[in-house]
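[1] no sequence on this one, just coordinates:
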């Protein structure tokens, strides 16, 4: 059932996208205004580095929004813009050689109709380049990581104390990301840091800890939410150092996770007679009737006795049915269910059922199912025998598979606090603010770009949306076209705040989703 819940209609014709073009024709009216773009430095995380389709590759980095901005800055006196070298990525695969979890980039395999990591072996290594670059975006970095000595020390990678992406270009084993950035003596900067301070919690289904009220980052796990007070202090330090020599710049707010496809693509109710019957409605109807008789009906009956009957409803044969999930905020009724099922199942089996369904309920529209969970629905949980061996159907999806409302609230509260700090600190320094939170929220309803095109925050779903989608196949990061739209939004802010007049990019000239005939 892995691919039944996100149907990808594949556009086979035109498998190779066009190369990006720029609207940089000479115009005597172009001006830098009050800004000086001679030395532009970008700090941030994966969104700054040019991460897309699950990795950084030679091609994706070329379309990073700072690189696109730098090409527009060149029309008004902008200088050379350098990025960490990816020349070794000879096949444009991305990934990092020898490191588990650093996969090659995602593409749509037209032969199977689904995203896949591009076949091949990464040639990107951790060989130190020991160079401070104009693009200091480090994938995976949280705000406080920019100030952490040793974040680029190769010896710390295996211990989880260093970041492989920063290892590749840190100027020394004790250097900091911010220190390397400031060493470039920027005259202009962009700062888009902070997304990972909450996003890593969100993309792992809220398995981390909300550290609000605890400013000691040494106690944090990798998936924890950063304390807003710590974030504000770190952010202030970052901006103070970037502006120490009079540099002007743009800071960007942090988008709400509810605006990106990673959390909005998989529906909460994908279980239908067709999907449960391998495309055969009669077979699916029989499956639904059996599930109601053998599991959902008895479970609802038992829960009703304990005043929790609303947790489970019978499945419908005519519409979409919600996924079965575990909600750790619910009162645990394991003991009660064990007692209820003991007469019919026996003590041992009843205890097993009780432990599984004690905090189970069906998902609602208020739950957000992760994009990665699409490949989990219907598969067998480790060690769980039939007939309970189907995630989301007969066995509840777990914490790491979705965001329940309480987790979404924690994320929203932190995001709002971060953004308030970003705007306040920017105001104190008279810096321009690119409100990416507002911009990406506008994408949900459709955003009109400077080229007149309407773009959306949807996930790729075939020919009908291919030219409108701004997100890459990882569901979190933009594609090249998306980064062009982001660059334009930043140019709008610069032109307004610093009285500049710079040309815009035409997003339609940039490639969208990469489709291959076979993989």
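    Right, received. Where do you want to start? Nothing here was measured: the structure is a model prediction, and the numbers come from that model.
[2] need the phi and psi values for the residue lying closest to residue 325 once chain neighbours are set aside.
    Excluding its sequence neighbours, the residue lying closest to residue 325 (Cβ to Cβ, 6 or more residues apart in numbering) is residue 397, at 4.6 Å. Just so you know, the C-beta spots here come from the backbone N, C-alpha and C atoms, and that holds for glycine as well. Phi and psi for residue 397, reported as degrees, to the nearest 10, are phi -60, psi 150.
[3] what about residue 397, how many neighbours?
    By other Cβ atoms under 10 Å, 24 other residues sit near residue 397.
[4] the chain should start at 27 in everything you say after this.
    With 27 as the first residue, the last one maps to residue 423.
[5] shouldn't it be in contact with residue 354?
    No. Counting by Cβ atoms under 8 Å, residue 354 is not a contact partner of residue 423; they are 12.0 Å apart.
[6] what are the ranges of the strands in the stretch 427-545 of the chain?
    Using DSSP state E, counting those that start in this stretch, the strands of the stretch 427-545 of the chain run over residues 428-429, 458-460, 473-474, 480-481, 541-542.
[7] which strands or helices does the longest one pack on?
    Just to be clear, that refers to strand 458-460. Counting contacts by 3 or more Cβ pairs under 8 Å, 6 or more residues apart in numbering; DSSP states H and E, strand 458-460 packs against strand 274-278, helix 431-454, helix 506-523.
[8] any idea how many residues pack against residue 395?
    Counted with other Cβ under 10 Å, residue 395 comes out at 28.
[9] strands along the stretch 77-226 of the chain, start to end?
    Per DSSP E, counting those that start in this stretch, the stretch 77-226 of the chain carries strands over the ranges 132-135, 140-143, 161-163, 214-218.
[10] mind putting the ones you listed in CSV, distance to residue 374 included?
    Below are those laid out as CSV (distance: least, Cβ to Cβ, whole Å):
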stretch, distance to residue 374
strand 132-135, 44
strand 140-143, 40
strand 161-163, 54
strand 214-218, 54
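[11] which one of those is the most hemmed in?
    Mean neighbours per residue, mean count of other Cβ atoms under 10 Å, is largest over the strands of the stretch 77-226 of the chain for strand 161-163, with a mean of 29.
[12] which element, helix or strand, includes the most far-flung residue of the chain relative to its centre?
    When distances are taken from the C-alpha mean of the chain, residue 369 lies farthest, 47.2 Å away, according to Cα atoms, centre = their mean. Residue 369 belongs to helix 360-371 when assigned by DSSP states H and E.
[13] what does the domain assignment say about the chain?
    What automatic domain parsing lists as the domains of the chain is 66-290+432-542, 299-388+394-429.
[14] tally of neighbours for residue 248?
    Residue 248 has 12 neighbours, counted by other Cβ under 10 Å.
[15] check contacts around it.
    Neighbour list for residue 248: 186, 226, 234 [criterion: Cβ atoms under 8 Å, 6 or more residues apart in numbering].
[16] which among those residues end up buried?
    Among the contacts of residue 248, the ones that count as buried by 16 or more other Cβ atoms under 10 Å are 226, 234.
[17] inside helices: which ones of the contacts of residue 248?
    Judged by DSSP state H, the contacts of residue 248 include residue 226 as members of helices.
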